[in-house]
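Asker: what's the 3D shape of this:
(one chain, ligands or ions: 1)
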Amino acid sequence: MTDLRTDLGEAVATAFAAEGVDASLARVTTSDRPDLADFQSNGALAAAKALKANPRDLATRVASRLESDQRLSSVEVAGPGFINLKVSDAALASRAQAVANDAAHAGASGVGSPRKVVIDYAGPNVAKPMHVGHLRSSIIGESLKRLFRFRGDTVWGDAHFGDWGFQMGLLIVAVGDEGKADPFLSEGDGPFPADSPVTLDDLERLYPQAAARAKEDVAFRDRARKATAELQAGRPGYRALWAHFVAVSRTALEREFGALGVTFDLWNGESDADPVMAEMIAHLETTGLLVEDAGARVVHVAKPGETRKKKLPDGTVIEAPSPPPLLVISSEGSAMYGTTDLATILDRRKAIDPDLILYVVDERQAEHFEQVFRAAYLAGYAPAGSLDHLGFGTMNGPDGKPFKTRAGGVLKLHDLITMAVDKARERLREAKLGDDLPPAEFEATAHQVAVAALKFADLSNSRTTSYVFDLDRFMSFEGKTGPYLLYQAVRIKSLLRKGADQGATPGPIVIAEPAERDLALTLDAFAQAVTEAYDKRMPHVVAEHAYRLAQAFSKFYAACPVLIAPDAATVASRLALAKAALDQLESALDLLGIESPERM
Ligand code: ARG
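Answerer: Residues are numbered from 1 along each chain as shown. This is a model prediction of the structure:
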C-alpha cells in the first residue's frame with residue numbers, strides 16, 4: 001500500500017517526463033501553506049534552470065497534464081513556478097479507509113527486501129551501576145529494534161553485557177579480600193559452591209570502592225589486572241565466581257529493564273565472544289594485521305597520511321595515526337574492550353551472518369567504534385558498510401552536564417523509575433485522572449505514564465542532540481509530552497467504548513469537514529514518517545508524527561461531533577476515523593516502546 005504523497009509523486013514524475021524533464025526533480029512534499037494546498041512540487045524551478053526554460057511556463061504545462069487526475073480537486077501554479085496540489089475529499093476518504101483497514105501497519109509500508117539486523121544496545125555492565133548513557137541507549141535501541149521489525153526485517157536486540165573486562169578482575173580481588181569467596185580462590189578445578197557468595201548490594205558496594213582504590217594503589221591494580229588475565233585464561237575458580245557475579249547482576253538488570261519495557265532477544269556478554277578469540281587472534285596473526293607495539297599487540301587502522309597531533313607525556317608533540325591503533329592484547333595478556341567487540345563481530349557472523357549491525361552507544365565512544373569497524377573490515381569479518389555506530393548526545397542536568405543525582409552520584413535506573421512513578425501519581429491526582437480506578441490499576445497507569453514521559457522526552461529529541469532532564473515538563477499532560485499522547489489515546493478509547501455502548505459502530509469513511517481532511521492527511525503521513533525514521537535511524541521522526549496525530553485528532557474531536565453527529569452515516573464515518581487515529585497512534589507509540597492505558 002502506498003501513501004498519497006508517494007502516489008502523487010509518481011503522477012507528477014510522469015507529467016514531468018512527458019514534458020521532457022528529468023523526472024527525479026518532481027519531488028512532492030507536504031505543502032508549507034496548508035491553507036492553499038495539501039502537497040506541492042517545486043521541481044519546475046530546478047528543471048527550468050537545466051532546460052533554460054521559463055519555470056512558470058513549465059509548471060503550467062506540467063499542471064495541465066495533472067488536471068485530469070481524479071485524486072486531485074485542484075492543481076495550481078503559484079509564485080515563480082510552484083505546483084500546488086489539493087487532494088479531493090473522495091481520494092482522502094479512500095486513503096483514510098485503507099489506513100483504517102490496515103490493522104497491522106496503520107498505513108505504513110514494509111521494506112522491499114528484509115535484512116538480518118543485530119541491534120546492540122543498552123550495554124549494561126556487571127556490577128557497575130547504569131548511568132544516563134545506558135538509559136538513552138536502552139530507550140533509543142528498543143525503539144529502533146521495534147521500527148526495524150515493524151518494517152519486516154529480522155531483528156536481534158542484544159544487550160551486549162559488559163562482563164569481561166578489568167572490572168571483573170577488580171571484583172574478584174575485592175570480593176576475595178573481604179574473605180567472602182575463599183573456596184573460589186583455590187587454584188584447583190573445583191567443584192565450587194553453587195550459591196553466590198555475594199549479593200547485588202555487595203557488588204554495588206564493592207565495585208566503586210575497588211575502582212577508586214585501583215586508581216591510587218598500584219599493587220592492588222596489578223593484582224586486579226592479573227586476576228582479569230587469569231579469568232580470561234580460564235582459571236576454574238575465578239570462572240565460577242565470575243559466573244555468580246554475572247547471574248546476580250543480570251537478574252537485577254532484567255528486572256529494571258523490564259520495568260522500562262525494554263527486552264532483549266540476546267543477553268550475550270562480551271565473554272560470549274571468548275570461544276572465537278583464539279581463532280581470531282590466530283587469523284589476525286597470519287594475515288599480518290596483529291603487530292607488536294611496546295609490549296602490547298595492536299591492529300593499525302589508520303591509512304597512510306591519516307594523522308593528528310598528539311602530545312606525549314614529556315611534552316613533545318608528534319604526528320600520531322588517527323584513528324589510533326586498536327589495542328587487541330594488553331601487555332598483561334588481557335583482551336580489551338575493543339578485542340571483545342571485534343570478536344563479537346566474528347561471533348555474530350558465524351551465528352547470524354547479519355546484513356547490518358547497529359550499535360546504539362554514547363557519541364563519546366565514536367572513536368572506539370571507528371577503530372573496531374575498520375579492523376573488522378580489514379579482517380573481512382563484516383561486509384563493507386554493514387556496521388554503523390548510532391551515537392547520541394547526553395541527558396543533562398540543569399547545569400548542562402551529564403545528569404547526576406542531588407547527592408552527585410550517577411542516577412540508578414531503578415531510582416529514576418521510582419522518582420518518575422512518584423511524579424506520575426502526583427500529576428494524575430492533580431489532573432483528577434484515574435481517581436475512580438481500583439488501586440492496582442491506578443498504580444499500573446502511573447507506571448505507564450512515567451515510562452511514557454521518560455521515553456517520549458528522550459525520543460522526541462533527535463538522538464544526536466543532548467537534552468535537559470526536566471521531570472516536571474516531561475510529566476505534563478499538556479504540550480509535546482508522553483502523558484499528553486496517552487491522554488489523547490485514552491480519550492479515543494473512551495469515545496469508542498461510549499459509541500459501542502450506544503450501539504454505534506465504525507462504518508465507511510466520508511471526508512467533508514476541514515478537520516476531517518486534516519486528520520486524514522495526517523493519517524496518510526505516517527507511512528512517510530516511518531520510512532524516514534527507518535532510513536535515517538532516527539526515532540524522533542515517529543515521535544513527531546505521534547504528536548501531530550494526537551493534535552489532529554484533538555482538533556477533529558473539537559470541531560466534529562462524533563456520537564451526536566447529524567446522521568448515522570456520519571457517526572459511523574467519524575467513529576471509523578477515530579478508530580483509525582487510535583490504531584495509528586498506538587502503532588506509533590509502540591514503535592517508541594510506549595504502552596497506553598485503557599482508561600485514566
Ligand atoms: N558496556 C559498555 C559501556 O558501558 C557499552 C557497550 C556498548 N556496546 C558495544 N558493543 N561496545 O560503556
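Asker: Enumerate the residues of this structure near the ligand.
Answerer: Contact residues (C-beta under 6 Å from any ligand atom) of the chain with the ligand: Asp120, Gly123, Asn125, His160, Gly162, Asp341, Tyr359, Val361. Where you see a C-beta, it was placed from the backbone N, CA and C, and this is true even at glycine.
Asker: what about 5 Å?
Answerer: Taking C-beta under 5 Å from any ligand atom as the test, the list of the chain residues beside the ligand reads Asp120, Gly123, Asn125, His160, Gly162, Asp341, Val361.
Asker: Could you check how far the residue of the stretch 1-150 of the chain found nearest the ligand is from Leu289?
Answerer: Nearest residue of the stretch 1-150 of the chain to the ligand, counting by C-beta to the nearest ligand atom: Gly123, 2.7 Å away. When distance is defined by C-beta to C-beta, to the nearest Å, Gly123 is 26 Å away from Leu289.
Asker: now Met600
Answerer: Where Leu289 is concerned, Met600 sits at a distance of 58 Å (C-beta to C-beta).
Asker: What is the neighbour count of the closest residue to the ligand within the stretch 351-500 of the chain?
Answerer: The stretch 351-500 of the chain approaches the ligand most closely through Val361 (4.4 Å), counting by C-beta to the nearest ligand atom. Neighbourhood size, Val361 [other C-beta atoms under 10 Å]: 25.
Asker: what about the protein, any weak spots by pLDDT?
Answerer: 1, 405-410 (pLDDT under 70).
Asker: Just want the most central residue of it.
Answerer: Central residue of the chain (C-alpha atoms, centre = their mean): Ile140, 2.5 Å from the mean position.
Asker: show me what contacts it?
Answerer: Ile140 makes contact with Tyr121, Val360, Leu390, Phe392, Asp458, Leu459, Arg463, Pro539, according to C-beta atoms under 8 Å, 6 or more residues apart in numbering.
Asker: which SSE is it in?
Answerer: Ile140 is part of helix 132-150 when elements are defined by DSSP states H and E.
Asker: and which of the residues of the chain next to the ligand is nearest to Gly234?
Answerer: Using C-beta to C-beta, Gly162 is the member of the residues of the chain next to the ligand that sits closest to Gly234, with 19.5 Å.
Asker: Surely the closest one touches Pro124?
Answerer: Yes. Using C-beta atoms under 8 Å, Gly162 is in contact with Pro124, at 6.7 Å.
Asker: Ala424: which of the residues of the chain next to the ligand is nearest?
Answerer: Taking C-beta to C-beta as the measure, Ala424 lies nearest Gly123 of the residues of the chain next to the ligand, at 27.2 Å.
Asker: Quick check: the gap between that closest one and Val361.
Answerer: On the measure of C-beta to C-beta, Gly123 and Val361 end up 6 Å apart.
Asker: What of Tyr557?
Answerer: Applying C-beta to C-beta to Tyr557 and Val361 gives a distance of 42 Å.
Asker: now do Leu147
Answerer: Going from Leu147 to Val361 by C-beta to C-beta gives 18 Å.
Asker: try Gly165
Answerer: Going from Gly165 to Val361 by C-beta to C-beta gives 15 Å.
Asker: returning to that earlier point: now the common contact residues for Gly123 and Val361.
Answerer: In contact with both Gly123 and Val361: Ser137, using C-beta under 8 Å, 6+ apart.
Asker: Now do the buried residues in stretch 219-233.
Answerer: For stretch 219-233, the neighbour count (16 or more other C-beta atoms under 10 Å) marks Phe220, Arg221, Arg223, Ala224, Arg225, Lys226, Ala227, Thr228, Ala229, Glu230, Leu231, Gln232 as buried.
Asker: Out of those, name the ones that lie in helices.
Answerer: Phe220, Arg221, Arg223, Ala224, Arg225, Lys226, Ala227, Thr228, Ala229, Glu230, Leu231, Gln232 (DSSP state H).
Asker: Next, the contact list for the fourth one, please.
Answerer: Ala224 makes contacts with Phe166, Gly169, Leu170, Ile172, Val173, Ala210, Ala214, as judged by C-beta under 8 Å, 6+ apart.
Asker: and if you look at the second one?
Answerer: With contact taken as C-beta under 8 Å, 6+ apart, Arg221 is in contact with Ala214, Lys215.
Asker: helix or strand for Val155, which one?
Answerer: Secondary-structure element containing Val155, defined by DSSP H and E: strand 154-158.
Asker: name the helices or strands packed onto that strand?
Answerer: Counting contacts by 3 or more C-beta pairs under 8 Å, 6 or more residues apart in numbering; DSSP states H and E, strand 154-158 is packed against strand 116-120, helix 132-150.
Asker: neighbours around His283, how many?
Answerer: Neighbours around His283, by other C-beta under 10 Å: 16.
Asker: Please tell me I have it right and Leu428 contacts Ala446.
Answerer: Yes. Leu428 is within contact range of Ala446, at 6.0 Å (criterion: C-beta under 8 Å).
Asker: and the angle for the helix holding Ile140 with strand 116-120?
Answerer: Interaxial angle of helix 132-150 relative to strand 116-120 (axes from the mean of the first three to the mean of the last three C-alpha atoms, to 10 degrees): 170 degrees.
Asker: now the helices: where do they sit in the stretch 51-200 of the chain?
Answerer: Ranges of helices in the stretch 51-200 of the chain, per DSSP state H, counting those that start in this stretch, are 55-66, 89-101, 132-150, 166-177, 182-185, 200-216.
Asker: buried residues in the fourth one?
Answerer: Using 16+ other C-beta under 10 Å as the test for burial, helix 166-177 gives Phe166, Gln167, Met168, Gly169, Leu170, Leu171, Ile172, Val173, Ala174, Val175, Gly176.
Asker: what sits against the nearest residue to the fourth one once chain neighbours are set aside?
Answerer: Spatially, and ignoring its direct neighbours in sequence, Gly169 is nearest to Thr228 (3.1 Å; C-beta to C-beta, 6 or more residues apart in numbering). For Thr228, the contact set (C-beta under 8 Å, 6+ apart) comprises Gly165, Phe166, Met168, Gly169, Leu170, Ile172, Glu332, Ser334.
Asker: and if you look at Leu577?
Answerer: Counting by C-beta under 8 Å, 6+ apart, Leu577 makes contact with Ala96, Ala100, Ile509, Glu516, Leu519, Ala520, Phe556.
Asker: which one of the residues you listed is nearest Ala351?
Answerer: Ala100 (41.1 Å).
Asker: OK, contacts around that closest one?
Answerer: Per C-beta under 8 Å, 6+ apart, neighbours of Ala100: Pro506, Ile509, Ala576, Leu577, Lys579, Ala580, Asp583.
Asker: got a winner among those residues for most neighbours?
Answerer: Top of these by neighbour count (other C-beta under 10 Å): Leu577, with 29 neighbours.
Asker: Check the gap between it and Thr505 for me.
Answerer: For Leu577, the distance to Thr505 (C-beta to C-beta) stands at 13 Å.
Asker: Which residues are in contact with the closest residue to Phe39 other than its chain neighbours?
Answerer: Excluding its sequence neighbours, the residue lying closest to Phe39 (C-beta to C-beta, 6+ apart) is Leu85, at 4.4 Å. Leu85 makes contacts with 8, 12, 28, 31, 37-41, 66, 72, 74-75, as judged by C-beta under 8 Å, 6+ apart.
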